[in-house]
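In: Here is my input, please return the structure:
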Amino acid sequence: MYVFIEIMDVALHYIVEICTILLELFGIAVLVFTAVKCFIKWIKRDHRHLRLNLAQGIALSLEFKMGSEVLRTVVVRDWEELGILGAVILLRGLLTFLIHWEIKNEENAIEKEPEA
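Out: Numbering: from 1, shown residues only. Predicted coordinates for the structure are as follows:
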């Protein structure tokens, strides 16, 4: 029975690591895609809603990154690692809050713009 539990523990560890890497990869892909798209719009001098689109992409990217950090808590082994993980989650949560605040302000500014 002990061997079975050990095998399941190792399997869970690898599954969580793979899923964590995938979520990190999705976050990076979203961020790069959004940045390239916004850069192309900036080059074309199409600045309408550029800041809003970039902020929304960054926010979505951070959500994926936060998901990977939460998933990583499943395999934490000691208190030092948990403290570092908690600090990372706290910082990313704060960044997400600030970006959502910026998105809200940008949406309000867009609503107040006169129609062209």
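In: so what pLDDT did the residue nearest the centre of the chain get?
Out: When C-alpha atoms, centre = their mean is applied to the chain, the residue found nearest the centroid is Leu62 (1.9 Å). According to the per-residue confidence, Leu62 scores 92 in pLDDT.
In: and it, how far is that from Val76?
Out: 21 Å (C-beta to C-beta, to the nearest Å). Any C-beta I mention is one placed from the backbone N, CA and C, and that applies to glycine too.
In: And for Leu95?
Out: Leu95 sits 22 Å away from Val76 when distances are taken as C-beta to C-beta.
In: Check Phe39 too.
Out: 38 Å.
In: Ok, Leu12 next?
Out: Distance, Leu12 to Val76, using C-beta to C-beta: 12 Å.
In: do Val36 as well
Out: With the distance defined as C-beta to C-beta, Val36 ends up 35 Å from Val76.
In: For the lowest-mean-pLDDT helix or strand in the chain, list every residue counted as buried.
Out: Least confident helix or strand of the chain, by mean pLDDT, DSSP states H and E, is helix 79-112 with a mean of 88. The neighbour-count criterion (16 or more other C-beta atoms under 10 Å) identifies Ile89, Arg92, Thr96, Ile99, Glu102, Ile103, Glu106 as the buried residues of helix 79-112.
In: Tell me the one among these nearest to Arg45.
Out: For the buried residues of helix 79-112, the minimum distance to Arg45 (C-beta to C-beta) is 18.9 Å, reached by Glu106.
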